[in-house]
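coordinates for the following, if possible.
(chains A, B, C and D)
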2 protein chains.
Amino acid sequence: MNLKQLSEILNLSPTTVSRALNGYPEVSEATRKRVQAAAQAHGYAPNTRARSLATGRAHAIGHVIPVSSNHEMVNPVFADFIAGAGEVYSRNGYEMLLSVVSDEAEADAYRQFKVKGNVDGIIVHAPKMGDPRIHLLNELSLPFVVHGRASEEVEDYAWVDVNNFHAFERATRFLLDLGHRRIALVNGIETMDFAMRRRAGFAKAHEERGLSYDPSMCFADEMTESYGHDTARALLARGDAPTAFLVSSMITTIGVRRAIEELGLKLGRDVSVITHDDELSYFRNGADVPVYTATRSSVREAGRRAATILLDIIRGGDAPRQVLLEADLTLGQSTGPAPDRGRG
Amino acid sequence: MNLKQLSEILNLSPTTVSRALNGYPEVSEATRKRVQAAAQAHGYAPNTRARSLATGRAHAIGHVIPVSSNHEMVNPVFADFIAGAGEVYSRNGYEMLLSVVSDEAEADAYRQFKVKGNVDGIIVHAPKMGDPRIHLLNELSLPFVVHGRASEEVEDYAWVDVNNFHAFERATRFLLDLGHRRIALVNGIETMDFAMRRRAGFAKAHEERGLSYDPSMCFADEMTESYGHDTARALLARGDAPTAFLVSSMITTIGVRRAIEELGLKLGRDVSVITHDDELSYFRNGADVPVYTATRSSVREAGRRAATILLDIIRGGDAPRQVLLEADLTLGQSTGPAPDRGRG
DNA sequence: TGGGGTATCCAAAGCGCTTTGGAGATTGCT
DNA sequence: AGCAATCTCCAAAGCGCTTTGGATACCCCA
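Modelled structure (predicted):
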């Protein structure tokens, strides 16, 4: 069933049917109703490709998912981010185009999107410091929103980010307040912008109290479970073992926890842990009392916000282009006062 | 830059340029080279929408991601499955269209794909027993591959599945061999086909030894971490606590582990656990010696296989349409002989 | 009655590509 | 040399839709 066939059934021209369906005023309410009813009855919906070609708008948003070439890891937050963004897209009649691409090919993926004209805008994931993609996309004049920010970037661009600096600054302060002085930072790869900011917050909290931290207790890698385990295991074997961990992801925290338990230590008593919690749907941080003390911010909500901004840009709206979300610091069972010196 | 402009630069007709680029034989090798070079130089790539309209092939595959309406959960295996499928798509010049949709709206999402003509095929996720989508898609005559199977379905269809029955049968046998007699099954929702099959395998292993299992030790729910925790916590408090757990997902197993440790029990000694391991990229099951004894099957590989089959169907190929992957049973540190009766 | 305004509908062009059905140039063969 | 076969290339139609620029019919008022 296409437009022409439907119009023949109705004894109308394709023009009128198209206008009726798209809400143009040049058609009487009576015929509009008639057309809508017929479209419904025959299960007609305009062919996306034809409409896109005619209007020049793809009604689709592109997401480029980078797969790190070394570990072939897919960041687990993508699923939830995409779920959030997807909600907004469907509600607005947009489609989501996913491109799974290895790191190096990413820039080219954006160019392809532009040249092939199959998206109206793009969401940029996982920006690195001074990420070149921002310049590239501005140059291509393809609307985009970044999930995160790219420091050192001077150009103007739209973004949705969590205040990672502030979150980790607060978390660190909290641990210092509890008397912890040897705090390990188990961070993401620090070319990633969020990781760099978290580290800066961690450092700032020490500085402002005139304390210094041990760089040999700061780690940066892809946030897998085994990374958390192996790092914690090694650290806890040291003579000057840390009394607290600040961990950048729930998954990695699971590994840290495993190490702690293997050594017969008790979480929240012998060792304190604060994690960053993206509120992944399958990994809620406890029900009544959270299991982990955590800096918390919903990545799904971030997805919604980013999508909303992008659609607004495409429509030429004037909503704010930059959203900085503050993370909650929720108190859970994984933190406690620093144990007496006697232990170490 | 479009076809016409490029052809003007080259002093050729659009026809010739199109043919040169698409490898038709009606054009000399010399001009083909010239055309390709020019396309490269000017960064030309055909407009997807126009090409789709002309050829009637969308060069895109649709994935419908259902978001369960009650818990708003996104299955964490999707990310890895999609990464696997995405690889195959990009390699073959296909795009991936994602539709995030609540359970109820799913059937309609497929109809829309068909009517709007923006995909050439569909991957069906998370089939339920006797899933109506299979009949629907056959009726729509839209090529599709199911990730999993739908028992009670008599129609013919393409699928890629893990032998869930066999995997859980073997795992159960293994626990029985170790002397375990009270085994808890912490399963996914049992309207899901895979969950039902796993339960059947679990039952079969008992039966064939003339043993019976306690239905009050069988659970079925969305596979979150807290589900695993709360279930194990409750079970271990019982007088007839299980000595072993068979768990349907790594995430849920993390919760089970947490419960075990909270109670001061030792995994692999006091309580044995076997999990199903989808080989999620961020959650590798240990390095040298696996942490968990597990039935293991790469969901990413399943994604690759499913995508490959789908493209073959679309091209009218004749590769096998049904792939049953056997899961490995890998021995890890989470299982051991059943503890003496004395303990309970 | 007749001219201007308004409401309603339509014909045709065009979006950028592929593809059918030739046309012209070149070659091979007798 | 002359004709058919073969190489190259091209004009034009068409994919299904939107949109510009009318055309027609109807109404109101002088």
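
contacts only, for A:Pro143.
Going by Cβ atoms under 8 Å, 6 or more residues apart in numbering or on different chains, A:Pro143 touches A:Asp120, A:Gly121, A:Ile122, A:Leu310, A:Ile313, A:Ile314. Every residue, glycine included, has its C-beta placed from N, CA and C.

turn these into JSON lines, columns for secondary structure.
Formatted as JSON lines, these follow (DSSP: H, G, I helix; E, B strand; the rest coil):
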{"residue": "A:Asp120", "secondary structure": "coil"}
{"residue": "A:Gly121", "secondary structure": "strand"}
{"residue": "A:Ile122", "secondary structure": "strand"}
{"residue": "A:Leu310", "secondary structure": "helix"}
{"residue": "A:Ile313", "secondary structure": "helix"}
{"residue": "A:Ile314", "secondary structure": "helix"}
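
tabulate the residues you listed (CSV), appending neighbour count, pLDDT and distance to A:Ser68.
Below are the contacts of A:Pro143 laid out as CSV (neighbours: other Cβ atoms under 10 Å in any protein chain shown; pLDDT from 0 to 100; distance: Cβ to Cβ, whole Å):
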residue, neighbour count, pLDDT, distance to A:Ser68
A:Asp120, 22, 97, 28
A:Gly121, 22, 97, 25
A:Ile122, 25, 96, 20
A:Leu310, 25, 98, 25
A:Ile313, 18, 96, 29
A:Ile314, 18, 96, 30
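
and A:Leu246, what helix or strand is that in?
Using DSSP states H and E, A:Leu246 sits within strand A:244-247.

mind listing what's buried in the following helix or strand past that strand?
Later in the chain than strand A:244-247, the nearest helix or strand by DSSP H and E is helix A:250-262. By 16 or more other Cβ atoms under 10 Å in any protein chain shown, the buried positions in helix A:250-262 come out as A:Met250, A:Ile251, A:Thr252, A:Thr253, A:Ile254, A:Gly255, A:Val256, A:Arg257, A:Arg258, A:Ala259, A:Ile260, A:Glu261.

same question for stretch A:217-236.
By 16+ other Cβ under 10 Å, the buried positions in stretch A:217-236 come out as A:217-233, A:235-236.

and that stretch, how far out from the chain's middle?
Its chain's average C-alpha position is 22 Å from that of stretch A:217-236, according to Cα atoms, centre = their mean, to the nearest Å.

now for A:Ala54: which residues touch it?
The contact partners of A:Ala54, taken as Cβ under 8 Å, 6+ apart, number zero.

pLDDT of the host helix or strand of it, averaged?
Element membership for A:Ala54 (DSSP H and E) is helix A:48-55. Mean pLDDT, helix A:48-55: 94.

for that helix, which positions count as buried?
Residues of helix A:48-55 classed as buried by neighbour count (16+ other Cβ under 10 Å): A:Thr48, A:Arg49, A:Ala50, A:Arg51, A:Ser52, A:Leu53.

got the angle between it and helix B:48-55?
120 degrees (axes from the mean of the first three to the mean of the last three Cα atoms, to 10 degrees).

which of the residues in the helix or strand just after helix A:48-55 are buried?
Proceeding N to C from helix A:48-55, the next assigned helix or strand is strand A:60-67, under DSSP H and E. Residues A:Ala60, A:Ile61, A:Gly62, A:His63, A:Val64, A:Ile65, A:Pro66, A:Val67 are the ones in strand A:60-67 that count as buried (16+ other Cβ under 10 Å).

let me have those residues in a markdown table, extended by distance to B:Pro76 and pLDDT.
Output for the buried residues of strand A:60-67, formatted as a markdown table (distance: Cβ to Cβ, whole Å; pLDDT from 0 to 100):
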| residue | distance to B:Pro76 | pLDDT |
| --- | --- | --- |
| A:Ala60 | 25 | 96 |
| A:Ile61 | 23 | 97 |
| A:Gly62 | 23 | 96 |
| A:His63 | 18 | 95 |
| A:Val64 | 21 | 89 |
| A:Ile65 | 15 | 85 |
| A:Pro66 | 18 | 79 |
| A:Val67 | 16 | 79 |
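
nearest residue to A:Ala338 other than its sequence neighbours?
On the basis of Cβ to Cβ, 6 or more residues apart in numbering or on different chains, the spatially nearest residue to A:Ala338 that is not a chain neighbour turns out to be A:Gly179, at 3.7 Å.

give the burial count for the one you found, as a bare number.
Neighbour count for A:Gly179, taken as other Cβ atoms under 10 Å in any protein chain shown: 14.

so it is in which element?
According to DSSP H and E, A:Gly179 maps onto no helix or strand at all.

isn't it right up against A:Thr335?
No: with contact defined as Cβ atoms under 8 Å, A:Gly179 does not reach A:Thr335; the gap is 11.1 Å.

where does the stretch 1-150 of chain A dip in pLDDT?
A:69-72 (pLDDT under 70).

the strand or helix carrying A:His229 close to chain B?
For A:His229, the host element (DSSP H and E) is helix A:225-236. Yes: counting by Cβ under 8 Å from any Cβ of the partner chain, chain B is contacted by helix A:225-236 at A:Glu225, A:Ser226.

could you say what helices and strands that helix packs with?
strand A:183-187, helix A:250-262 (3 or more Cβ pairs under 8 Å, 6 or more residues apart in numbering or on different chains; DSSP states H and E).

one more time with 10 Å
Applying 3 or more Cβ pairs under 10 Å, 6 or more residues apart in numbering or on different chains; DSSP states H and E, we find helix A:225-236 packed against strand A:183-187, strand A:218-220, strand A:244-247, helix A:250-262, strand A:272-277.

circling back: what separates the strand holding A:Leu246 from the chain centre, distance-wise?
That offset, for strand A:244-247, works out to 22 Å (Cα atoms, centre = their mean).

again, but for stretch A:82-90
Distance, centroid of stretch A:82-90 to centroid of chain: 12 Å (Cα atoms, centre = their mean).

and the residue of the stretch 151-300 of chain A nearest DNA strand D?
Relative to DNA strand D, the nearest point of the stretch 151-300 of chain A is A:Ala158 (25.2 Å; Cβ to the nearest atom of the strand).

give me every residue that touches that residue.
Going by Cβ atoms under 10 Å, 6 or more residues apart in numbering or on different chains, A:Ala158 touches A:121, A:124, A:143-146, A:306, A:309-310, A:312-313, A:319-323.

also A:Arg197?
Counting by Cβ under 10 Å, 6+ apart, A:Arg197 has contacts A:129, A:148-149, A:151, A:161-169, A:190.

say whether chain B is contacted by stretch A:104-115.
Yes: counting by Cβ under 10 Å from any Cβ of the partner chain, contacts between stretch A:104-115 and chain B involve A:Ala105, A:Ala109, A:Arg111, A:Gln112, A:Phe113, A:Lys114, A:Val115.

tell me if stretch A:248-257 is near chain B.
Yes: residues of stretch A:248-257 are located near chain B by Cβ under 10 Å from any Cβ, namely A:Ser249, A:Met250, A:Ile251, A:Thr252, A:Ile254, A:Gly255, A:Arg257.
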